[in-house]
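Chemist: my questions are about this predicted structure, shown below with the sequence.
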Amino acid sequence: MNGPEILVDFDPGLALFVSHERRDGPTTAVTDGASTLGHVVESLGVPLTEVGALVVDGAEVAAAHVPAAGQRVEVRAVPRPQRVRPGEAPDAPLRFLLDVHLGTLARRLRLLGVDAAYESTDIGDPALAALSAGERRVLLSRDRGLLRRRELWAGAYVYSDRPDDQLRDVLGRFAPALSPWTRCTACNGALRAARKEDVAERLHGGTRGSYDVFAECGVCHRVYWRGAHHDRLEQIVRAALTEFPPATPAPPAPRTPSSTIG
Ligand SMILES: [Zn+2]
């Protein structure tokens, strides 16, 4: 390219996406004079899902800004916690969609009551992007190409390949409301309370004798009981609630003193 030269400074939090020489402060980039800043940033390796603000010569600009020669661009990382698509139904619970490589993370999010859609078969990038758009789900992926698809409603790069760190990454970034033991880890359906006698015929003999049934999935009818492996799951839930405690409700407003009668 032989166009205007600009100066680009990436937030250290974005270092993993850019080439080594761009990790330590501002470097020059040559643009074609017509491409948007969003395109320039993506072409340097950073998915726009990971970009918070784009600041040109001290003023924030939109990704559609076309940089001019000599401009100094600061590329900031998304703030944490991040508000997804501010202005759109701010109170609606966040919903996620995970790509085929993130099955363990999907089950852990569900364990915490977070709506996490996931298909164990690869439905392909176009179908995933369409699902994100159609159901307004934040697509979670480690695939930068997938995160660049324009159809996405919202997306986020998952920074680690270890499920423990992935969970902390997503909980810290989006601060979704946690409601453990309310969602089916197998299908993402909502759980409902169940009585042992109502589901007894679906339990194996050993299970029927030893454990207390407490819930059933309203969608796939899988039965949940306090039993084997429960300690490990309890541990995941406890760790999540300790590090990301539910927001404490605001104290009730002081009551206006009522007038005394008599
Ligand atoms: Zn289910």
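Modeler: Happy to help now that I have it. Predicted model, so just to flag it, every value in this text is computed and none were measured.
Chemist: can stretch 188-207 be said to contact the ion?
Modeler: Yes - counting by Cβ under 5 Å from the ion, the ion is contacted by stretch 188-207 at residue 189. All C-beta spots, glycine's among them, are computed from the backbone N, C-alpha and C.
Chemist: which residues sit against that stretch?
Modeler: 106, 110, 115-118, 181-184, 208, 212-221, 223-225, 227 (Cβ atoms under 8 Å, 6 or more residues apart in numbering).
Chemist: buried residues in it, which are they?
Modeler: 188-189, 191, 194, 199, 203 (16 or more other Cβ atoms under 10 Å).
Chemist: buried ones among the contacts of stretch 188-207?
Modeler: Buried subset of the contacts of stretch 188-207 (neighbour count, 16+ other Cβ under 10 Å): 106, 110, 115-118, 181, 183-184, 213, 215-217, 223-225.
Chemist: of those, closest to residue 164?
Modeler: residue 106 (14.5 Å; Cβ to Cβ).
Chemist: doesn't that closest one lie inside a helix?
Modeler: Yes - per DSSP: H, G, I helix; E, B strand; the rest coil, residue 106 lies within a helix segment.
Chemist: which bits of the protein sit near the ion?
Modeler: 184, 186-187, 189, 217, 219-220, 222.
Chemist: when you compare pLDDT across those, which one is lowest?
Modeler: Scanning these for pLDDT, the smallest score is found at residue 222, 92.
Chemist: and the helix or strand hosting residue 155, what's its mean pLDDT?
Modeler: Element membership for residue 155, per DSSP states H and E: strand 154-157. What strand 154-157 shows for mean pLDDT is 97.
Chemist: quick one: strands adjacent to that strand?
Modeler: If you go by DSSP bridges, strand 154-157 pairs up with strand 138-141 (parallel).
Chemist: let me see the ranges of the helices in the stretch 1-150 of the chain.
Modeler: Assigned helices in the stretch 1-150 of the chain, in chain order: 37-43, 103-111, 125-135, 144-147 (criterion: DSSP state H, counting those that start in this stretch).
Chemist: most neighbours per residue, which of the ones you listed?
Modeler: Using mean count of other Cβ atoms under 10 Å, the stretch among the helices of the stretch 1-150 of the chain with the largest mean neighbour count is helix 103-111, at a mean of 22.
Chemist: filter the residues of the chain next to the ion down to the ones in helices?
Modeler: If you go by DSSP state H, the residues of the chain next to the ion have nothing in helices.
Chemist: alpha carbons of the helix or strand hosting residue 198, in PDB - could you do that?
Modeler: Using DSSP H and E, residue 198 maps to helix 196-199. Output in PDB follows, covering the C-alpha atoms of helix 196-199 (Å, rounded to 0.1, in the frame of the first residue of the first chain):
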ATOM      1  CA  LYS A 196     -38.200 -38.600  43.700                       C
ATOM      2  CA  GLU A 197     -41.400 -40.600  43.300                       C
ATOM      3  CA  ASP A 198     -42.200 -38.800  40.000                       C
ATOM      4  CA  VAL A 199     -39.000 -39.600  38.300                       C
END
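Chemist: quick revisit: quick one: which of the helices of the stretch 1-150 of the chain is nearest residue 17?
Modeler: helix 144-147 (7.4 Å).
Chemist: for the closest one, what is the average pLDDT?
Modeler: Here the average pLDDT along helix 144-147 is 95.
Chemist: which elements pack onto it?
Modeler: helix 125-135, strand 138-141, strand 154-157 (3 or more Cβ pairs under 8 Å, 6 or more residues apart in numbering; DSSP states H and E).
Chemist: so what's the one residue in the stretch 1-150 of the chain that gets nearest to the ion up against?
Modeler: The nearest approach of the stretch 1-150 of the chain to the ion comes at residue 110, 9.1 Å away (Cβ to the ion). Residues near residue 110 by Cβ under 8 Å, 6+ apart: 116, 183-185, 188.
Chemist: go with 6 Å
Modeler: 116, 183, 185, 188 (Cβ atoms under 6 Å, 6 or more residues apart in numbering).
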